[in-house]
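A.B. asks: sharing a model prediction with you, sequence too.
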Amino acid sequence: MSAPVLPLWIAGQRRPSASGRSGEVHDPATGQVIRRAPFASAEEVGMAVAAAQAALPGWRATPPIRRARVLMRFRELVEARRGELARLVSEEHGKTLPDAEGSVQRGLEVVEFATGIPHLLKGEWAESVGRGIDCHSVRQPVGVCAGITPFNFPAMVPMWMFPVAIACGNTFVLKPSEKVPSTSLRLAELLQEAGLPDGVLNVVPGDRVAVEAILEHPGVSAVSFVGSTPIARHVYETAARNGKRVQALGGAKNHAVVLPDADLEVAADALIGAGYGSAGERCMAISAVVAVGSIGDALVARLAEKARALRVGPGSQAGVEMGPVVTAAHREKIRGHIAAGVAEGAKLVLDGRALAIPGEGFFLGPTLFDQVTPEMSIYREEILGPGLVVLRAATLAEAIALVNRNPYGNGTAIFTRSGAAAQRFEQEIEVGMVGVNVAIPVPVAFFSFGGWKQSLFGDLHVHGPEGVAFYTRGKVVTSRWPATDEESRASLVMPTHG
């Protein structure tokens, strides 16, 4: 039987795409095509934008507390269907079910933050800035916003964007990855069930045609993006050239620095989870470990021992700790990186290509390299797969300099018992998110998420206060109210005393 083609979601309705183009959606654990994602045409993106424009005046005029109540109901619906959503994520991405549920939970935390946004929309007031003149500020929605989201977090990353945008009074067009479209469509249905008016959220799965249509459409005022650095740069440049506000989060090469005084067991456990969890397909995955001083050999031995013990298999199976990668093409790309590392002279401690799991799933085992240098491609390039590379540094200063020379600046971590070392690392490291004995320092929802350097194009990070700033525009009102003739005469009357 042929796989069913998913619909678009426009103006509160499922609509079959008329583009005639679609792409395969696989179950990475089996390699089977389970459905097809429609590739929305530029005209269909235009329909979604038109629906968002039509819904904008009414939604913008809805009191912020009523907008928040819709999100409160949405939060309850997502919580009730967390297992269903996790299964969708695992089925199309390959994550283990606990990992998938965790990603839904992190998205829910942003929804919870968004329910409190009415408080953050308050402006400021200054009385008598001049004789008889008052001044106040307001924050207003920017209009129709769009989100372009990656394959690795089908629930969490969309929920970084649209809850904040619609809580601020905007309407939204979401373009999810064509590899994992089902979760976004299901979230749109749940929002409608929660009472969101038709057209406030629209979902248009697609490929580059849909992306370019969003970037060029004059009706879109702001674009949020998460993905690789080359595409983030293109999104930023194209959208900005078309007069749009842009936040484009790019790729990463996240480092963990391990000092000789670190608790070796704690550090190794954390790095295994950060490097191989979700098959390494996280923008916050640790992929480069900097072993400082004498700890290097013991750390590599402990990492190899723990990586060999990881249970790899279908994400839906109980007890599995690492699932497959998302597509066969991505698996081959990762294999190419491993081959390049060997050719460049890195020491291959553990070869994930040797893993053998029956069936047609897109599996790789954990890979570990030692004696890696900054010139090697396995260090320079974002692999986004289940691999750790270990570099050596003599001192903390040398490790900090190594991290700061890297063109990416998304996340980093240090493992140490020394408060002085941790403080120095926090102050000197040129990275947007820093963990101290925390391998994946993803901030909670009421802070904002984002990196530095080539990991971010634009000025504002996602969710949290910076997300509210991105999805709103400031306006300052200066007012003078002249007295009427009657008020003027009254002011001249002398008061009487009884």
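C.D. replies: Sure thing, it's come through.

A.B. asks: thought Asn437 was touching Gly419?
C.D. replies: No - if you go by Cβ atoms under 8 Å, Asn437 and Gly419 don't touch, sitting 11.1 Å apart. From N, CA and C alone the C-beta is placed, and that goes for glycine too.

A.B. asks: can you tell me which residues contact the residue nearest in space to the middle of the chain?
C.D. replies: Nearest to the geometric centre of the chain sits Val157, at 4.0 Å (Cα atoms, centre = their mean). By Cβ atoms under 8 Å, 6 or more residues apart in numbering, the residues touching Val157 are 107, 149-150, 226.

A.B. asks: then Glu430?
C.D. replies: Contacts of Glu430 were listed using Cβ under 8 Å, 6+ apart, and they are 403-404, 409, 452-453.

A.B. asks: after the helix or strand that contains Ser137, next one along is what?
C.D. replies: Using DSSP states H and E, Ser137 sits within strand 133-141. Remark: after strand 133-141, the chain's next helix or strand is strand 144-148, criterion DSSP H and E.

A.B. asks: what pairs with that following strand, parallel or antiparallel?
C.D. replies: strand 171-175 (parallel), strand 222-226 (parallel) (DSSP bridges).

A.B. asks: would you list those strands in JSON lines and tack on mean pLDDT and mean neighbour count?
C.D. replies: JSON lines is the format used below for those (pLDDT from 0 to 100; neighbours: other Cβ atoms under 10 Å):
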{"stretch": "strand 171-175", "mean pLDDT": "98", "mean neighbour count": "29"}
{"stretch": "strand 222-226", "mean pLDDT": "98", "mean neighbour count": "28"}
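
A.B. asks: now render those as TSV, adding distance to Arg331.
C.D. replies: Listed next are those as TSV, based on distance: least, Cβ to Cβ, whole Å:
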stretch	distance to Arg331
strand 171-175	25
strand 222-226	22
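
A.B. asks: where along the stretch 351-498 of the chain do the strands fall?
C.D. replies: 367-370, 387-393, 408-409, 411-415, 433-436, 452-453, 456-457, 472-480 (DSSP state E, counting those that start in this stretch).

A.B. asks: so for the first one, what's the average pLDDT?
C.D. replies: In other words, strand 367-370. In this model, strand 367-370 carries a mean pLDDT of 98.

A.B. asks: same question for it: list its buried residues.
C.D. replies: Across strand 367-370, burial judged by 16 or more other Cβ atoms under 10 Å covers 367-370.

A.B. asks: out of the strands paired with strand 144-148, flag the one nearest Arg335.
C.D. replies: With Cβ to Cβ as the measure, strand 222-226 is the member of these nearest Arg335 (25.2 Å).

A.B. asks: which one of the buried residues of strand 367-370 sits closest to Ile34?
C.D. replies: Among these, and counting by Cβ to Cβ, the member closest to Ile34 is Thr367, at 27.6 Å.

A.B. asks: state the number of residues packed around Glu127.
C.D. replies: When neighbours are defined as other Cβ atoms under 10 Å, Glu127 has 8 of them.

A.B. asks: is it part of a helix or strand, or is it coil?
C.D. replies: strand (DSSP: H, G, I helix; E, B strand; the rest coil).

A.B. asks: residues contacting it?
C.D. replies: By Cβ under 8 Å, 6+ apart, Glu127 lies in contact with Asp134.

A.B. asks: okay, it: pLDDT?
C.D. replies: On the pLDDT scale, Glu127 is placed at 94.

A.B. asks: what do you get for Gly195?
C.D. replies: Gly195 is assigned 98 on the pLDDT scale.

A.B. asks: could you measure from it over to Arg69?
C.D. replies: Counting by Cβ to Cβ, to the nearest Å, the gap from Gly195 to Arg69 is 8 Å.

A.B. asks: ok, back up a step: go through the buried residues of strand 367-370 and name the one nearest Arg353.
C.D. replies: Of all the buried residues of strand 367-370, Arg353 sits closest to Thr367, with 7.6 Å by Cβ to Cβ.

A.B. asks: quickly list what that closest one is bridged to.
C.D. replies: Gly387.

A.B. asks: go ahead and confirm it touches Pro386.
C.D. replies: Yes - contact criterion Cβ under 8 Å: Thr367 and Pro386 qualify, at 6.3 Å.

A.B. asks: intersection of neighbour lists for those two?
C.D. replies: Gly352.

A.B. asks: look up phi and psi at the closest residue in space to Phe172 that isn't next to it in sequence.
C.D. replies: Counting by Cβ to Cβ, 6 or more residues apart in numbering, Phe162 is the residue found nearest to Phe172 once chain neighbours are left out, at 4.6 Å. Note on Phe162: its backbone torsions stand at phi -70, psi -30 [degrees, to the nearest 10].

A.B. asks: look up how far Pro154 lies from Phe162.
C.D. replies: Taking Cβ to Cβ as the measure, Phe162 falls 13 Å from Pro154.

A.B. asks: also Ala270?
C.D. replies: Between Ala270 and Pro154 the distance is 25 Å, computed by Cβ to Cβ.

A.B. asks: what of Phe425?
C.D. replies: Distance from Phe425 to Pro154, by Cβ to Cβ: 33 Å.

A.B. asks: compare the two (neighbour count), which wins?
C.D. replies: Between Phe425 and Pro154, counting by other Cβ under 10 Å, Pro154 is the more crowded of the two (31 against 24).

A.B. asks: check which helix or strand the more buried one maps to.
C.D. replies: For Pro154, there is no host helix or strand (DSSP H and E).

A.B. asks: residue ranges with poor pLDDT in this structure?
C.D. replies: Low-confidence segments of the chain (pLDDT under 70): 1, 485, 487-498.

A.B. asks: buried ones in the longest helix seen in the chain?
C.D. replies: Secondary structure of the chain per DSSP state H: the longest helix is helix 42-61. Buried residues in helix 42-61, counting neighbours by 16+ other Cβ under 10 Å, are found at 44-52, 55-56, 59.

A.B. asks: kindly indicate which of those residues lies nearest Ala210.
C.D. replies: Within these, proximity to Ala210 (Cβ to Cβ) peaks at Val45, which comes in at 5.4 Å.
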